[in-house]
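In: When you get a sec, could you give me coordinates for this:
(chains A and B)
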Amino acid sequence: SQKIEQNSEALNIQEGKTATLTCNYTNYSPAYLQWYRQDPGRGPVFLLLIRENEKEKRKERLKVTFDTTLKQSLFHITASQPADSATYLCALGGANNLFFGTGTRLTVIP
Amino acid sequence: DAGVTQSPTHLIKTRGQQVTLRCSPKSGHDTVSWYQQALGQGPQFIFQYYEEEERQRGNFPDRFSGHQFPNYSSELNVNALLLGDSALYLCASSLAGSQPQHFGDGTRLSIL
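Out: Reported below is the predicted structural model:
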């Protein structure tokens, strides 16, 4: 079955720096990959979607890359702010469902 | 424009009982998916409903069942509750054939 690993459970970073989160997967060839943000006690909020034929996608301070050969996605937050502190989830898309990783808890230190 | 709404927000049950959770999709969406999220884990796909039919199902036992109504709202039913069913249950809606999914804030189910 498919396996999705996010690089670490927790990542601490200084305000203003770039945060880089990693998502690796095996036994799957997703049509697309998504990143979500989840705050404590809340549902996931969609951030970015990248398709298998796309290498990079940007939205404001966010950037996602997708390497289907390495089976890896990188998620970058530039000029990080304390308000970016949250858990970030990687999700692989099938026809009708999503498979999620366990998430990386990001803390941006002022 | 209301997003995905779920009720109740919290629920406490005992082992062996049955529970029904409810979801209203985002306006304009016709597809509803349900996920289970244990503490410290990512959401796990339970099933998806479209046109009042279960379209796809994850690796969950038959104790988990669902329903979709003509107005696209949905229910998740869990029978014979086990301690391991304690989790956050998330509902997500989308327009058929398109992404992304929009999530509600979930129902926190605790089994005693």
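In: Going along the chain, name the strands of chain B.
Out: Using DSSP state E, the strands of chain B run over B:5-7, B:10-13, B:19-24, B:31-37, B:44-50, B:53-57, B:64-68, B:74-78, B:87-94, B:102-103, B:107-111.
In: Quick check: mean pLDDT of stretch B:83-102?
Out: Stretch B:83-102 carries an average pLDDT of 92.
In: Any part of it near chain A?
Out: Yes. Stretch B:83-102 lies within reach of chain A by Cβ under 8 Å from any Cβ of the partner chain, at B:Leu90, B:Ala92, B:Gln99, B:Pro100, B:Gln101, B:His102. Using the backbone N, CA and C atoms, a C-beta is placed for each residue, glycine as well.
In: Around the fifth one, how many other residues sit close by?
Out: Residues near B:Gln101, counting by other Cβ atoms under 10 Å in any protein chain shown, number 27.
In: May I ask you to confirm that it is in contact with A:Asn97?
Out: No. Under the criterion of Cβ atoms under 8 Å, B:Gln101 makes no contact with A:Asn97, lying 9.3 Å away.
In: Please report how far the closest residue in space to B:Gln6 that isn't next to it in sequence lies from A:Leu49.
Out: Using Cβ to Cβ, 6 or more residues apart in numbering or on different chains and skipping the chain neighbours, the partner closest in space to B:Gln6 is B:Gly104 (4.0 Å). Distance, B:Gly104 to A:Leu49, by Cβ to Cβ, to the nearest Å: 19 Å.
In: between the two, which one's more packed in?
Out: Higher neighbour count among B:Gly104 and A:Leu49: B:Gly104, with 24 against 18, using other Cβ under 10 Å.
In: Which two of the residues of stretch B:83-102 next to chain A have the greatest separation?
Out: Using Cβ to Cβ, the residues of stretch B:83-102 next to chain A reach their maximum pairwise distance at B:Leu90 and B:Gln99, which is 15.9 Å.
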